[in-house]
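generate coordinates for the sequence data below:
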Amino acid sequence: MQKMAELLGLRDECGEGTLGAPALAGSCLADNRLNLDVYPDGCGRFLQLFKEQQGELVQVEFLRLSSNDFLLDTTLDSLPHLKHLKSLVLKGGHTRDEFGSYQHGSLTSLPPDFGNLRCLTHLDLSFNRLSTLPSCILHLSSLRVLLVSHNSLVTLPEDFGCLSKLTFFSAMKNQLKDLPQSIGELSVLQDLDLSENALELLPEEVGNLRNCTELDLSGNHLLSIPDSLANLKSLRRLHLHSNLLVTVPASLASLPNLSRLDLQNNCLRAIPAEIQALPFVHVRGNPLGETEPSPQAGLKSLHNVINSYMSSGSFTVTSEGCRVVLACGIHFYFPPGAASAPLRIHFRSLTPDPQWVKLRHHDVLLSRVLELQPHGIQFQQEVQIWMPYISPQGPHQHEVVVRTFSGQSWNDLKTRVEQKRKSKKCVARCCVLHFSWFLVVSRLVQNECKVPAEGTLLFSSVDPNIKVIFPPGVTKEPRSVKLQVLPVSAEEIQEITAHAECRASPLLYLSQDSTVDFLKPVRIQLPLPPGVTGLNLDRSRLHILHGDLEGQAWNDITSEVVLEFTHLYAVFEVTHFSWYWLWYTTKTYIGDIAKKVYKRLRLYQVNFIALQRKRDPEQVLLQCVPKHKVDPVLKKLQDRYRGPEPSDMVEMFEGEQFFAAFERGISIDMDRPDCVGGRLSFIFYSHLKNMKEIYVTSPYVNRKCQAVKGQVSFYRGALPDSIPEDASRRRKGPDSLWLATLPIKLPQLKPRLDENPSPLYGFSFPPLNLGNAETGYLTQANLLSIARRVGADWQSIGLNLGLTYQQIERIGYNNREDLNKQILDMLFSWAQQNSEDPDCVSKLITALKESGRQDIADEVEAIVELGRQKYSESIRRLGLEQESSTEDSAIAIM
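From the prediction side, this is the model:
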């Protein structure tokens, strides 16, 4: 050990060799202990010792290393040689970032033969980047203490219980969502810390930890705890604060050694008398004695929220905090103290408008817009929002972020992507201090850094071969720089250019937060195009292209920069940022070729479909479908719809507007909110449903007419004022905005309900107004319009509205000769019975959706939304405040 100390330069002040254990203060080595985590190059020193004094090093029993060390991976391979090792600390957190936060170490795994350390009893892997527990740990048969706190663990191995000698286990500050049943096999475990995770439930086997004295489950998402916890007879301290508990078992009061029970900041509205009688129980921060009398009632309310179809509503947040679940799957968590006083939160789910939601190039929209009000109010603590989204698909590497509107522009928030345990659906989580508009997008992976006056290095995580080098003196004031890379395959280039010898590097985009150019040139390293090396390089064929921010112009700047080459890379210098692209080709006008390729990389190949419902051909489904989804969509719809083959393939941009126009004697309801000049307006988003189901008629047809052969045409932008009736299926020439035309054939039409002199077919009902003034009414005329579209689905809709089988049979028998009368009898009978119910409109929407009539449900929602807008406008014109809001469509679980 003395030689090791000399090698490390660790002599005591008297020059008498290594420092003993009592005087260990400034040293790293004492007897069989080696403390190298105090050195920035501790792993380097360890490797030096292992090389020069291996015989003595393998006798070490206690070792401490920093996992922030860049030589950590090399050091890990040497650790299994320390056969006498009893304690190993591989912690991160020894350095801080620019904001003062501890930086996690780089440890993501351990070598397989790490499990050969049979003497190891203590292992600390805290503050690292473990997403799964290394399997080799389960082979450490002597392990008694295991710390993996402040990592990214989502689950524990199913056979975790094989660590039979474990007495202390800490996994605080991870992302654990559940526990393996084998955890109950840790029979000698005394301390278990699982605080600040995402646990939603506990296995009953936790009750088998009979030697456990302290159990910390605080800061999770637990709604309940198992009764088996009452079996923990050795338990002294139980921490359950900051969960979502709505009840606790009364049997906890029977634990003989319990001296502390912390239930603060939960959702408890009632606590068993046996628990309240305990002198050491802490229950502050619970809504005790409030309106909901039982935990079951709270859970039922939550269930009703999840199955509600309201796209807008409100809820109240108090200073005690709460968790909120919206109908569309959006979750909120308001921590205690986030709101200083009771605050009414209003929410709306909006359809994206491309004039407002400005997507950047290569962005993909993954959700609708969520508006939260009141705008601008500052919360005392960050509010967490979980937004579900449609998982992105495509060949390019993207990352998911939540984007918010500041009033002038859209900005990206720091986002964490999670997956729901049961449904496996993806959600994007962000934290905010004020409310605005929010949506989820997929963007090109972004790397960024702060460039100081001393210079720095920035490289791409998508392609580490792409680097940007900032020399010293490049700037006076620190500035933020962002880097994005769009990989482009050789196959894509060849397909678009139709030239086998055209090749290109990945596309590089650089931006900064300063409008001033850099003081010194910045060096950029790009990999040479595929198949090109420094050995076979023909410099006359290599071109550096610079693109403007919109990618509309690509200029060849090869002659303006100094190009350097290695075997694999091209290096050049610039002073301002934009798009940069390295091309290798014999083509002359390379700028035009690059513009064409760049445009095609942003386009989606799509097909249009127009299908008619088999039961009711007047009901038409229109949809714009990405090419790779056409077959699955048609297969899903084939049982209920029929129609022509999809249109030929066309290309569209993300967020591009297009229109559908019905022609040749077919018309639609011009009062639809999405109807512009007789045309249906669509917005193409590749990952959202570009589908509408509408009801068509023919103004030239009565009940005795023959079938009508019409068509629907799709256009970009504005439609020509006049459309010739004899327009061909494939329209060309002056109609440059035309995309596709599909035939629509209407059989001999049944009589329209509103053509009869008595529109209610002999039924006499008093005037109806379903709903209320604030949300907008459904009138008798609205119900008549709905009845026209119901068709043979009336029985299913009636049952979902709550009518009994006997009532349905009676309506069918009484009107057995006329389908229209059956529909009217069912719908207006239900309306009369429920006219006083404030929720009757939402119940009707729910019944329509559950019956597979999304088209009618969408129309009703549009009517209600229009009524709500008119009511709000009238209130503003009169200068009045709203006295009350709609019934809550979300439940705040206090």
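
when you work out contacts or count neighbours from here on, use the C-alpha atoms and nothing else.
Will do.

so how far is the host helix or strand of Ile524 off the chain centroid?
Element membership for Ile524 (DSSP states H and E) is strand 522-527. With CA atoms, centre = their mean, to the nearest Å as the basis, strand 522-527 stands 33 Å off its chain's centre.

now it: buried residues?
522-527 (16 or more other CA atoms under 10 Å).

what would those look like in a markdown table with distance to Tyr813?
Below are the buried residues of strand 522-527 laid out as a markdown table (distance: CA to CA, whole Å):
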| residue | distance to Tyr813 |
| --- | --- |
| Val522 | 83 |
| Arg523 | 83 |
| Ile524 | 80 |
| Gln525 | 80 |
| Leu526 | 78 |
| Pro527 | 77 |
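
dump these into CSV; add distance to Leu603 and pLDDT as well.
As requested, the buried residues of strand 522-527 are exported to CSV (distance: CA to CA, whole Å; pLDDT from 0 to 100):
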residue, distance to Leu603, pLDDT
Val522, 32, 92
Arg523, 32, 93
Ile524, 28, 93
Gln525, 28, 93
Leu526, 25, 92
Pro527, 26, 92
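
what's in contact with the strand holding Ile524?
Strand 522-527 is contacted by residues 465-471, 474, 505-506, 568-575, 582 when judged by CA atoms under 8 Å, 6 or more residues apart in numbering.

report the mean confidence score over the helix or strand just after that strand.
Going down the chain from strand 522-527, the next helix or strand is strand 542-547, by DSSP H and E. Strand 542-547 shows a mean pLDDT of 90.

can you list contacts of whichever helix or strand comes after strand 542-547?
The helix or strand immediately downstream of strand 542-547 is strand 554-556, counting by DSSP H and E. Residues outside strand 554-556 that contact it (CA under 8 Å, 6+ apart) are 543-548, 590-592, 594-595.

can you do 6 Å?
With contacts defined as CA atoms under 6 Å, 6 or more residues apart in numbering, strand 554-556 is touched by 544-547, 591.

so which of the residues you listed is the closest to Asp837?
Distance to Asp837 across the contacts of strand 554-556 (CA to CA) is lowest for Gly547, with 60.8 Å.

please report how far the residue nearest to that closest one when sequence neighbours are not counted lies from Leu601.
In this structure, Gly547 finds its nearest non-sequential neighbour in Trp554, 4.4 Å apart by CA to CA, 6 or more residues apart in numbering. For Trp554, the distance to Leu601 equals 15 Å [CA to CA, to the nearest Å].

and the longest strand anywhere in the chain, what does it pack onto?
Across the chain, the longest stretch assigned as strand under DSSP state E is strand 603-613. When contacts are defined as 3 or more CA pairs under 6 Å, 6 or more residues apart in numbering; DSSP states H and E, strand 603-613 packs onto strand 619-626, strand 641-642, strand 650-653.

now that strand: average pLDDT?
In this model, strand 603-613 has an average pLDDT of 91.

strand partners (parallel or antiparallel) of it?
Neighbouring strands of strand 603-613 in its sheet, by DSSP bridges, are strand 619-626 (antiparallel), strand 641-642 (antiparallel), strand 650-653 (antiparallel).

about what we covered before: save the helices and strands packed on strand 603-613 as CSV, and put in mean pLDDT too.
Below are these laid out as CSV (pLDDT from 0 to 100):
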stretch, mean pLDDT
strand 619-626, 89
strand 641-642, 88
strand 650-653, 89
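
ok, which of these comes nearest Arg664?
Nearest to Arg664 among the helices and strands packed on strand 603-613 is strand 619-626 (15.4 Å), distances taken as CA to CA.

skip ahead from the closest one and say which helix or strand is next.
The element immediately downstream of strand 619-626 (helix or strand, assigned by DSSP H and E) is helix 630-637.

what angle separates that following helix from strand 619-626?
For helix 630-637 against strand 619-626, the angle by axes from the mean of the first three to the mean of the last three CA atoms, to 10 degrees is 150 degrees.

helices or strands next to helix 630-637 in the packing?
Helices and strands touching helix 630-637, as assessed by 3+ CA pairs under 6 Å, 6+ apart, are absent.

for it, give the mean pLDDT please.
Helix 630-637 comes out at a mean pLDDT of 90.

which parts of that helix are buried?
Neighbour-count burial for helix 630-637 flags 630, 634 (criterion: 16+ other CA under 10 Å).

narrow the contacts of strand 522-527 to those that are buried.
466-471, 474, 505-506, 568-573, 582.

mind checking which helix or strand the closest residue to Arg600 other than its chain neighbours is in?
Take Arg600 and drop its neighbours on the chain: the residue closest to it by CA to CA, 6+ apart is Ile496, 7.5 Å away. In this structure, Ile496 sits in helix 490-497 according to DSSP H and E.

what element comes up after that helix heading to the C-terminus?
Sequence-wise, the next helix or strand downstream of helix 490-497 (DSSP H and E) is strand 503-504.

returning to that earlier point: got JSON lines for the helices and strands packed on strand 603-613, with distance to His282 too?
As requested, the helices and strands packed on strand 603-613 are arranged in JSON lines below (distance: least, CA to CA, whole Å):
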{"stretch": "strand 619-626", "distance to His282": "57"}
{"stretch": "strand 641-642", "distance to His282": "61"}
{"stretch": "strand 650-653", "distance to His282": "58"}
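
to Gln711, which of those lies closest?
Of the helices and strands packed on strand 603-613, nearest to Gln711 by CA to CA is strand 619-626, at 11.3 Å.

tell me where the stretch 251-400 of the chain has strands.
Using DSSP state E, counting those that start in this stretch, the strands of the stretch 251-400 of the chain run over 260-262, 281-282, 312-317, 322-325, 331-334, 343-350, 364-365, 369-373, 383-388, 398-405.

just name the most buried of those.
strand 364-365 (a mean of 24; mean count of other CA atoms under 10 Å).

ok, so of the contacts of strand 554-556, who is nearest Leu439?
Nearest to Leu439 among those, with distances taken as CA to CA, is Gly547, at 28.6 Å.

OK, contacts around that closest one?
553-554, 579.

same check, this time on Glu52
For Glu52, no residue meets the contact criterion (CA under 6 Å, 6+ apart).

Pro452 too?
Per CA under 6 Å, 6+ apart, neighbours of Pro452: Pro478.

distance-wise, check it relative to Ser578.
Separation of Pro452 from Ser578 (CA to CA): 20 Å.

and His361, by the same measure?
Separation of His361 from Ser578 (CA to CA) stands at 13 Å.

same check, this time on Leu235
Counting by CA to CA, the gap from Leu235 to Ser578 is 62 Å.

if we can go back for a sec, measure how buried the residue nearest to Arg600 is and give me the count.
For Ile496, the count of nearby residues is 15 (other CA atoms under 10 Å).

which stretches of the stretch 751-894 of the chain form helices?
Secondary structure of the stretch 751-894 of the chain (DSSP state H, counting those that start in this stretch): helices located at 780-790, 794-800, 805-814, 819-834, 840-850, 854-878.
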